[in-house]
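Mind looking at a prediction? Sequence and model below.
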Amino acid sequence: MTTLLYSHPACVEHDPGTYHPERPDRLRAVMAGLDADEFKHLDRIEAPEIDLDIVARVHASDYVQLIMDNIPTEGRVRLDPDTAMSPRSGEAVLRATGAAVAAVDAVVDKKAQNAFCAVRPPGHHAESGHAMGFCLFNSAAIAAFHARAKHGMRRVVVVDFDVHHGNGTQHSFEHVEGLMYASSHQYPAYPGTGSTRETGDYKNIVNVPLAPGAGSKEFRNGYEEVIFPALRAFKPELLIISAGFDAHANDPLAQLELRTDDYLWVTRYLLDIADDCCDGRAVSLLEGGYDLDALRDSSSVHVRALMER
């Protein structure tokens, strides 16, 4: 089976504004990396728009309506100091979440071994009723709840290696048995959540906070000593990856010191666990990453690891 690549031009046209770090060039950089000859066998699929009823499994209906009602016809609407919408943001977020759900369907139905969703806006900071941190709808959480509702998956895990803690995904999972959220992230840092004390009602939240300046050794130790054993004990039926690449040493928004090879390493080990626990089923979603060269190179090695399966 192959690796699927979901994307859509509308995801480039979501434009939070001049000088905003979550800029359209991010996705252009990712797709430029994936235009290399080694990725010619990727099965490239246009991301569909999601049904809002699926979004409402995670987000409050009035919040979903607020987002869709406030897409501007020109200019921008600002939802918080960091998060803004432009005229194409509505379609972009519907296709970003639509890609995540379509990827879950394809992987569970054995139409592919795994998938990468090269989409934006990112999602892991969005809580049930709040946009924040550049995020509108939480694609990873929506994908996990969809896997349970449509495919009867009892145990779904989201692993998040973005440099910022995915407070929105934790918020959606922490009271739900059968959903696990595991995150490595800089701490303290935005959004202020992600301590080891945050464990969820069912011990289903696993946080590995990394101090500013931490690098490959601390990152790999956190996975080998904490996250990988927790995943194996949980025995997920589906692995979802919140793939943020802003813990890279060259990224301007935080102070971790990862290298490109760390993303290849962690992806390979996560896929080993997927092979052992859930028949290899894995869906990866683009989250952060704000240095364009580091983002291009890191996402490329991540997809390379997906294609090795």
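It's in.

would you list every one of the helices in the stretch 101-250 of the chain?
139-151, 167-173, 216-222, 228-234 (DSSP state H, counting those that start in this stretch).

Going by neighbour count, which residues of the third one are buried?
Just to be clear, that refers to helix 216-222. Buried residues in helix 216-222, counted by 16 or more other CB atoms under 10 Å: 218-220, 222. Any C-beta I mention is one placed from the backbone N, CA and C, and that applies to glycine too.

do stretch 161-180 as well
161-174, 176, 178-180.

try stretch 133-148
133-148.

For it, what is the distance to the chain centroid?
8 Å (CA atoms, centre = their mean, to the nearest Å).

could the buried residues of helix 216-222 go into TSV alongside distance to Ile50 and pLDDT?
TSV is the format used below for these (distance: CB to CB, whole Å; pLDDT from 0 to 100):
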residue	distance to Ile50	pLDDT
Glu218	37	98
Phe219	32	99
Arg220	35	99
Gly222	33	98
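
and of those residues, the nearest to Ala115?
Closest approach between the buried residues of helix 216-222 and Ala115, by CB to CB: Phe219, at 24.4 Å.

and that closest one, what is it in contact with?
By CB atoms under 8 Å, 6 or more residues apart in numbering, the residues touching Phe219 are 184, 210, 247, 256, 258, 262, 266.

my read: the fifth one touches Gly213, true?
No. Under the contact definition of CB atoms under 8 Å, Leu258 does not touch Gly213, with a separation of 11.5 Å.

May I ask which helix or strand encompasses Ala254?
For Ala254, there is no enclosing helix or strand under DSSP states H and E.

so who does it touch?
163-164, 186, 189, 212, 246-247.

Kindly provide the distance from the nearest residue to it once chain neighbours are set aside to Ala96.
Closest residue to Ala254 apart from its sequence neighbours, by CB to CB, 6 or more residues apart in numbering: Val163 at 4.2 Å. As judged by CB to CB, to the nearest Å, Val163 and Ala96 stand 20 Å apart.

Same check on Met68?
In terms of CB to CB, Met68 sits 14 Å off from Ala96.

And for Thr169?
Distance from Thr169 to Ala96, by CB to CB: 15 Å.

cool, and Gly178?
Applying CB to CB to Gly178 and Ala96 gives a distance of 25 Å.

Check Thr260 too.
24 Å.

and these two? which has more neighbours close in?
Ala96 (32 against 20; other CB atoms under 10 Å).

Please save the CA atoms from the helix or strand hosting that one in CSV.
Using DSSP H and E, Ala96 sits within helix 89-108. Listed next in CSV are the C-alpha coordinates belonging to helix 89-108 (Å, rounded to 0.1, in the frame of the first residue of the first chain):
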residue,chain,number,x,y,z
SER,A,89,-10.0,30.9,5.3
GLY,A,90,-13.4,29.3,5.4
GLU,A,91,-12.6,26.9,2.5
ALA,A,92,-9.1,26.4,3.8
VAL,A,93,-10.2,25.2,7.2
LEU,A,94,-13.0,23.0,5.8
ARG,A,95,-10.4,21.4,3.5
ALA,A,96,-7.8,21.1,6.2
THR,A,97,-10.2,19.2,8.5
GLY,A,98,-11.7,17.4,5.5
ALA,A,99,-8.2,16.1,4.6
ALA,A,100,-7.8,14.7,8.1
VAL,A,101,-11.1,12.8,8.0
ALA,A,102,-10.6,11.6,4.5
ALA,A,103,-7.1,10.3,5.4
VAL,A,104,-8.6,8.4,8.4
ASP,A,105,-11.2,6.8,6.1
ALA,A,106,-8.6,5.8,3.6
VAL,A,107,-6.2,4.3,6.1
VAL,A,108,-8.8,2.4,8.0
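
and that helix, which residues are buried?
Applying 16+ other CB under 10 Å to helix 89-108 flags 89-108 as buried.

Mind listing the residues bridging to the most centrally placed residue in the chain?
Closest residue to the average C-alpha location of the chain: Ser242 at 2.6 Å, with CA atoms, centre = their mean. For Ser242, the beta-bridge assignment (DSSP bridges) gives partners Asp160, Leu285.

From Asn207, how far off is it?
With CB to CB as the criterion, Ser242 and Asn207 are 13 Å apart.

Next, show the common contact partners of those two.
Common neighbours of Ser242 and Asn207 (CB under 8 Å, 6+ apart) are Ser183.

Contacts only, for the nearest residue to His59 once chain neighbours are set aside.
Spatial nearest neighbour of His59, chain neighbours left out: Ser128 (5.5 Å); criterion: CB to CB, 6+ apart. Ser128 sits next to 58-60, 63, 171-172 when contact means CB under 8 Å, 6+ apart.

Dump those residues into CSV; add distance to Arg78 and pLDDT as well.
Below are the contacts of Ser128 laid out as CSV (distance: CB to CB, whole Å; pLDDT from 0 to 100):
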residue, distance to Arg78, pLDDT
Val58, 23, 98
His59, 19, 98
Ala60, 20, 98
Tyr63, 16, 98
His171, 22, 98
Ser172, 24, 98
